[in-house]
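Colleague: coordinates only, sequence not included:
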């Protein structure tokens, strides 16, 4: 009995610090956010209430809906852009590179930028795309442009390019992990049976790599979906994201209840994407393995 | 006569690979070249901006335009004299080290618990703890800001540390948990059969076996914390971390001075990458 008790004590000792931490710093703060979203803004602060005014305001004011749609659109384009760059790259690594040294080097080349400051990676594109930036001055010095153009910076294209640049490693890593595990003889068999290479890719390689795509897509989507730093640097008013609106509510506008409501909407969207991809992963595991 | 007969006449398949030598070879070369060009474009997309960042840190002119006006080390000299920047750097080191230690102290037991202990609400516990991986940093930031407001805590570097530790917990837990899963249970059983207490088993058997993973996860947490903005943005008080300092300078305009800071960060990152690669190599050799 005492041995049983001491085992329980030891387990409690291992378990309680992380448990307490998660409850105090994650569960409680999210709950507070949830509660805040029903509060009432009373300038200069806000007061407890239970009303759906914040949600109603979001639903009735089309500007919130526009920002939300724009954020989803940009996040989708970023995921697609990263996918179309990441897939060939991962495919090349897994099937075309023969020497393991080269493969490791090329893999590291994709992952390494993750270690370089995220802020700097956004900043670089600001210096490249700006009116007095590298791209403009270069185009002028070669004679393509006669005066600096402002079309490169502060728009959604700049956002998509920069976010793709920042988050592409999160697409390459899972896709490569899956492609690497596909046995090469599976593809050889397919070509021995007279199936063309395009057909082999569409019928063998691509379906087998779906779990990697399903892991990479939500990751890049969620990361770009919640971004407000890049938008601030290269987005301009046209590239305003939902996270920027939330940041403003918690900052200058001092409307925490509305900000909380927006944050909860964001949370629900992110959670449903993560859950959906989780489900799919489990489903496909059962199917393929 | 029959001896000189071309064998391909009898076995048409045997000669087929050589049947269209030139066009096939051109095709292969063309294919290989298009792959190489494609990969080169992707690598260029990734590394040209970093190259430009470094190159422009040596530009004499204040503006970041091509062609460069001349080479100078002035911007690096300015960095060395910039006390605000040096303070911010010190703050970042303090925050990153504290946050890393905290995540390890909380995260390693958490991974152990997930791997070894069954308890009610385990599923929820795991989901909650791993949430920040997919969750935008801004949500961690504002939710903790709300908590600190209710607790009446003033924002400071310490609140930033708590925020970072919370956001990075998931990174440490996933890595350590994955390592624990690959660790044979027999090791632990042998240790306890030989009379070691659970504490002894942990420090003498389990921890040495997961050491490189813990160090690797710690380094990753350190880098991520050093670089963190979305959470810091909401939780910092008067003191700035380095990224927040850079952020506030960016609002005032772009100068090669930022490029100089950036180049130094790139240099430090390269060193860290090399260390982590070496650690990974070490792991490959030491595990069985």
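Modeller: It's in. In this text, all values refer to a predicted model and were calculated from it rather than measured experimentally.

Colleague: please tell me how far residue A:188 sits from residue A:195.
Modeller: When distances are taken as Cβ to Cβ, to the nearest Å, residue A:188 and residue A:195 turn out to be 11 Å apart. Yep, even glycine has a C-beta here, placed from its N, CA and C like the rest.

Colleague: what about the two, which has more around it?
Modeller: For residue A:188 versus residue A:195, the count of surrounding residues by other Cβ atoms under 10 Å in any protein chain shown is larger for residue A:195: 16 against 11.

Colleague: tell me the contacts of the more buried one?
Modeller: Contacts of residue A:195 were listed using Cβ atoms under 8 Å, 6 or more residues apart in numbering or on different chains, and they are residue A:203.

Colleague: same question for residue B:87.
Modeller: Residues counted as contacts of residue B:87 (Cβ under 8 Å, 6+ apart) are B:239, B:240.

Colleague: in terms of helices and strands, where is it?
Modeller: Counting by DSSP states H and E, the element that carries residue B:87 is helix B:83-116.

Colleague: got the buried residues for that helix?
Modeller: Burial within helix B:83-116, assessed by neighbour count using 16 or more other Cβ atoms under 10 Å in any protein chain shown, is assigned to B:85, B:88-89, B:91-92, B:94-96, B:98-100, B:102-104, B:106-115.

Colleague: do the same with stretch A:172-184
Modeller: When burial is assessed from 16+ other Cβ under 10 Å, stretch A:172-184 yields the following buried residues: A:172, A:173, A:174, A:175, A:176, A:177, A:178, A:179.

Colleague: out of the residues you listed, who's nearest chain B?
Modeller: residue A:172 (9.3 Å; Cβ to the nearest Cβ).

Colleague: quick check: the residue of the stretch 101-250 of chain B nearest chain A.
Modeller: In the stretch 101-250 of chain B, the residue that lies nearest chain A is residue B:136 (2.0 Å; Cβ to the nearest Cβ).

Colleague: which residues does the closest residue to that residue other than its chain neighbours contact?
Modeller: The shortest distance from residue B:136 to any residue that is not its chain neighbour, by Cβ to Cβ, 6 or more residues apart in numbering or on different chains, is 2.0 Å, and that residue is residue A:226. Residue A:226 makes contact with A:243, A:266, A:270, B:135, B:136, B:137, B:138, B:139, B:230, according to Cβ under 8 Å, 6+ apart.

Colleague: can you name the two of those that are farthest apart?
Modeller: A:270 and B:230 (13.7 Å; Cβ to Cβ).

Colleague: which neighbours do the two share?
Modeller: When contacts are counted by Cβ under 8 Å, 6+ apart, the set common to residue A:270 and residue B:230 consists of A:226, B:136.

Colleague: re earlier: pLDDT of the helix holding residue B:87, averaged?
Modeller: The average pLDDT within helix B:83-116 is 93.

Colleague: beyond it, next helix or strand please.
Modeller: In the C-terminal direction from helix B:83-116 (assignment by DSSP H and E), the next one is helix B:122-134.

Colleague: report all helices and strands that the next helix or strand after that next one contacts.
Modeller: Following the chain from helix B:122-134 toward its C-terminal end, the next helix or strand by DSSP H and E is helix B:137-151. Counting by 3 or more Cβ pairs under 8 Å, 6 or more residues apart in numbering or on different chains; DSSP states H and E, the packing neighbours recorded for helix B:137-151 are helix A:28-36, helix A:242-250, helix A:256-288, helix B:157-182, helix B:230-235.

Colleague: hmm, who's touching the last one?
Modeller: Looking back up the chat, that one is helix B:230-235. Under the criterion Cβ under 8 Å, 6+ apart, residues A:226, A:228-229, A:243, A:247, A:250, B:136-138, B:140-142, B:144-145, B:148, B:155, B:159-160, B:162-164, B:167, B:241, B:243-244, B:247 lie in contact with helix B:230-235.

Colleague: same thing but at 6 Å, please
Modeller: By Cβ atoms under 6 Å, 6 or more residues apart in numbering or on different chains, the list of residues contacting helix B:230-235 from outside reads B:137-138, B:140-142, B:145, B:155, B:159-160, B:163, B:167, B:241, B:244.

Colleague: quick one, phi/psi of the residue nearest to residue B:136?
Modeller: Phi and psi for residue A:226, reported as degrees, to the nearest 10, are phi -100, psi 10.

Colleague: residue B:31: how many residues sit nearby?
Modeller: By the criterion of other Cβ under 10 Å, residue B:31 has 11 neighbours.

Colleague: C-terminal to the host helix or strand of it, what's the next element?
Modeller: Following DSSP H and E, one finds residue B:31 within helix B:21-56. As assigned by DSSP H and E, the chain's next helix or strand after helix B:21-56 is helix B:74-81.

Colleague: for that following helix, name the packing helices and strands.
Modeller: Taking 3 or more Cβ pairs under 6 Å, 6 or more residues apart in numbering or on different chains; DSSP states H and E as the contact definition, the neighbouring helices and strands of helix B:74-81 are helix B:256-286.

Colleague: buried residues in the helix it packs on?
Modeller: Under the neighbour-count criterion of 16+ other Cβ under 10 Å, helix B:256-286 has B:256-263, B:265-266, B:269, B:272-273, B:276, B:279 buried.

Colleague: what's the closest of those to residue A:222?
Modeller: When these are compared against residue A:222 (criterion: Cβ to Cβ), the nearest one is residue B:269, at 24.1 Å.

Colleague: I'd like the distance between the closest one and chain A.
Modeller: According to Cβ to the nearest Cβ, to the nearest Å, residue B:269 stands 4 Å off from chain A.

Colleague: about what we covered before: okay if I get the helices and strands packed on helix B:137-151 as JSON lines plus mean pLDDT, distance to residue A:53 and mean neighbour count?
Modeller: JSON lines is the format used below for these (pLDDT from 0 to 100; distance: least, Cβ to Cβ, whole Å; neighbours: other Cβ atoms under 10 Å in any protein chain shown):
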{"stretch": "helix A:28-36", "mean pLDDT": "92", "distance to residue A:53": "13", "mean neighbour count": "19"}
{"stretch": "helix A:242-250", "mean pLDDT": "92", "distance to residue A:53": "14", "mean neighbour count": "23"}
{"stretch": "helix A:256-288", "mean pLDDT": "84", "distance to residue A:53": "8", "mean neighbour count": "17"}
{"stretch": "helix B:157-182", "mean pLDDT": "91", "distance to residue A:53": "29", "mean neighbour count": "22"}
{"stretch": "helix B:230-235", "mean pLDDT": "93", "distance to residue A:53": "24", "mean neighbour count": "25"}
